[in-house]
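J.: One predicted model, sequence on top.
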Amino acid sequence: MRLHSSSVAERGRDLLRLPLKTNRDVVAARQAVARELKARGARPIRVTRFATAVSEIARNTVLHGGGGSFAVFLDPASGYLMVECRDAGEGIADLDRAMTDGYSTGGSMGRGLGGAKRLADRFEIETGPGKGTRVILGARL
């Protein structure tokens, strides 16, 4: 099931790949994205916004998906810096509801998925019950 897609990223060469198993891995993912954006001349506000979006999605991968993988790559067609977070968890049963601000299954403020979508220039999520979740985020360079 593909929902909430702003644009589909064509997968380029991985710049970095990390496992997402612990909160320490979430921090490493956030720092890696910030480094990649800074190395490509991104403005500080873009770095902060995109790193925050990535941190939220990586955290969800660990917390709700039981862990998974994280990859950073360049979309060769557009020049976007892209991030993919993937897990093999239960998936999101009601994605429309999960994208709504205020909805939470973990007792949080419920701004995670929708907030990440707003902070990224590109956002795509594929999920379904029993199928895990794959989120792709992109930052325009």
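T.: Structure's in. What do you need?
J.: Tally up the residues packed near Pro129, please.
T.: Using other Cβ atoms under 10 Å, Pro129 has 10 other residues around it. (Each C-beta comes from the backbone N, C-alpha and C, glycine too.)
J.: correction: Gly79
T.: 12.
J.: ok, and what's touching the lengthiest helix in the chain?
T.: Ranked by residue count under DSSP state H, the longest helix found in the chain is helix 44-63. Helix 44-63 has contacts (Cβ atoms under 8 Å, 6 or more residues apart in numbering) with 20-23, 25-27, 29-31, 33-34, 37-38, 42, 67-68, 70, 81, 83, 85-87, 106, 112-113, 115-117, 119-121, 133, 135, 137, 139-140.
J.: which of those residues count as buried?
T.: 20, 25-26, 29-30, 33-34, 37, 42, 68, 70, 81, 83, 85-87, 112-113, 115-117, 119-121, 133, 135, 137, 139 (16 or more other Cβ atoms under 10 Å).
J.: So which of these belong to helices?
T.: Among these, DSSP H puts 25-26, 29-30, 33-34, 37, 112-113, 115-117, 119 in helices.
J.: And these, which is closest to Glu126?
T.: Taking Cβ to Cβ as the measure, Leu113 is the one of those closest to Glu126, at 13.0 Å.
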